[in-house]
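Engineer: Have a look; sequence and predicted model below, questions after that.
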Amino acid sequence: MNTPPAALRTWTEKGQGLPAPAGQVVGLAFPGQWLERLHELQRSESEACGLIAARIGRLSGERAEALAASMDPLTEGAAPIVDYSAADGLLAVWLPGALLASAHYSAMAIKPVLEQLSPEVAALVVTSFPESADPAAEALSEIAAMLDIRPARTKGEEADIELYVKPTEPDADSSIVVVDHNEELADLVRLRLELQGYDVHVAADGVNGLRLVEDKQPDLVLTELSLPGMDGYELIRRIRRTGDGTRRSKVMVLTGKGFDMDVQACFDMGVADYVRKPFSPIELEARIRRLLG
């Protein structure tokens, strides 16, 4: 097994040296010094800072240097800070000033590099402080836990990109419109959400989905992208255009489309979250609670 380079090992053992040139890899102990790094980069509680986290295993010195050199041209905005913890193989790519959509775009560019670098990369977790996560040790620990539960990536399989959104208390008075041509799945989602107290309405196509949205003005629209009559993209565009004094519904995509370009197109249109099928009902409900809390 390759050992981490001396510079990385020194940083990790001594726990020092937070200031680092943009794009340089240093070894920061997780999660305490990661939190210090975040607070340093934010400078104020309202200042945005994106994070892309991945578990990449141990790197040789040559690979660590290649990793650092590859990050800058792949990310949007300010030059990234790349932190690597040799002890547990955790990588953090910090993106000063980046909101969630920008951080996700950067993650799509970084993913092929990490996949080629290490077979241990099964997922990238993306968030933005304070937009999507509280700048606290608890959030960083939950992000690491998301990486821990991912199964190993098989040969030819792509790593997933997952979003971390801070948990909130559910609002059981919220209303939801579910738009999906799969009636059995839509009924399952409706029943589970109704048991939690949500007011749920279901449509099987984009046209009737839009009518429901205009009539009910729900807090959340949960839609498939592949819909008869009017596809999910057009439905989202029309929902986002509503601004005539009525409240604007949040949109979550629940779809079988899993290409990165589909994900980015949805975020560019203002979608709040994106869930791929097949999905975990428990995870879906948690994400909904986070959005509506």
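Structural biologist: Yep, that arrived.

Engineer: quick one: low-confidence parts of the stretch 151-293 of the chain?
Structural biologist: Applying pLDDT under 70 to the stretch 151-293 of the chain flags residues 167-172, 242-247.

Engineer: which residues of it fall in strands?
Structural biologist: Counting by DSSP state E, counting those that start in this stretch, one finds strands in the stretch 151-293 of the chain at the ranges 160-163, 175-179, 199-203, 220-223, 250-255, 273-276.

Engineer: Could you pull out the helices in the protein for me?
Structural biologist: Assigned helices in the chain, in chain order: 6-14, 32-42, 61-71, 100-117, 137-148, 183-195, 206-216, 232-241, 260-268, 281-292 (criterion: DSSP state H).

Engineer: Please spell out which residues along stretch 155-165 are buried.
Structural biologist: Of the residues in stretch 155-165, 159, 161-165 count as buried by neighbour count, 16 or more other CB atoms under 10 Å. To be clear about C-beta, it is placed using only N, CA and C from the backbone, and glycine gets the same treatment.

Engineer: if we can go back for a sec, among the helices of the chain, which is the most enclosed?
Structural biologist: For the helices of the chain, the largest average neighbour count (mean count of other CB atoms under 10 Å) is found in helix 100-117, namely a mean of 20.

Engineer: Report the angle between that helix and helix 260-268.
Structural biologist: On the basis of axes from the mean of the first three to the mean of the last three CA atoms, to 10 degrees, helix 100-117 is oriented at 160 degrees to helix 260-268.

Engineer: tell me which strands and helices helix 100-117 is in contact with?
Structural biologist: Here helix 100-117 touches strand 49-55, helix 61-71, strand 90-96, strand 123-129, strand 160-163, helix 260-268, going by 3 or more CB pairs under 8 Å, 6 or more residues apart in numbering; DSSP states H and E.

Engineer: So what touches the fifth one?
Structural biologist: Strand 160-163 has contacts (CB atoms under 8 Å, 6 or more residues apart in numbering) with 100, 104, 107-108, 111, 122-127, 132, 146, 150, 260, 263, 273-274.

Engineer: distance between the ends of stretch 194-209?
Structural biologist: Stretch 194-209 has its terminal residues 18 Å apart, counting by CA to CA, to the nearest Å.

Engineer: meant to ask about stretch 149-158
Structural biologist: Using CA to CA, the end-to-end distance of stretch 149-158 comes out at 16 Å.

Engineer: contacting residues around that stretch?
Structural biologist: 111, 115, 119-123, 159-160.

Engineer: how far away is the residue positioned nearest the centre of the chain from residue 103?
Structural biologist: Nearest to the mean C-alpha position of the chain, counting by CA atoms, centre = their mean, stands residue 163 at 1.5 Å. Using CB to CB, to the nearest Å, we find residue 163 at a distance of 9 Å from residue 103.

Engineer: Need the residues touching each of the two.
Structural biologist: Residues touching both residue 163 and residue 103 (CB under 8 Å, 6+ apart) are 126-127.

Engineer: Settle this for me: residue 272 is touching residue 249, isn't it.
Structural biologist: No - using CB atoms under 8 Å, residue 272 makes no contact with residue 249, being 9.6 Å away.

Engineer: before we move on, back to that, for the strands of the stretch 151-293 of the chain, which one ends up most surrounded?
Structural biologist: Among the strands of the stretch 151-293 of the chain, the stretch with the highest mean neighbour count (mean count of other CB under 10 Å) is strand 220-223, at a mean of 26.

Engineer: Dump that strand to PDB, keeping only the CA atoms.
Structural biologist: Coordinates of each C-alpha in strand 220-223 appear next as PDB, following Å, rounded to 0.1, in the frame of the first residue of the first chain:
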ATOM      1  CA  LEU A 220     -43.800  21.400  -2.900                       C
ATOM      2  CA  VAL A 221     -44.100  19.800  -6.300                       C
ATOM      3  CA  LEU A 222     -42.600  16.300  -6.600                       C
ATOM      4  CA  THR A 223     -42.300  15.500 -10.300                       C
END
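
Engineer: roughly how far is that strand from the heart of the chain?
Structural biologist: Mean C-alpha position of strand 220-223 versus that of the full chain (CA atoms, centre = their mean, to the nearest Å) differs by 18 Å.

Engineer: And that strand, what does it pack against?
Structural biologist: Judged by 3+ CB pairs under 8 Å, 6+ apart, strand 220-223 is in contact with strand 175-179, helix 206-216, helix 232-241, strand 250-255, helix 281-292.
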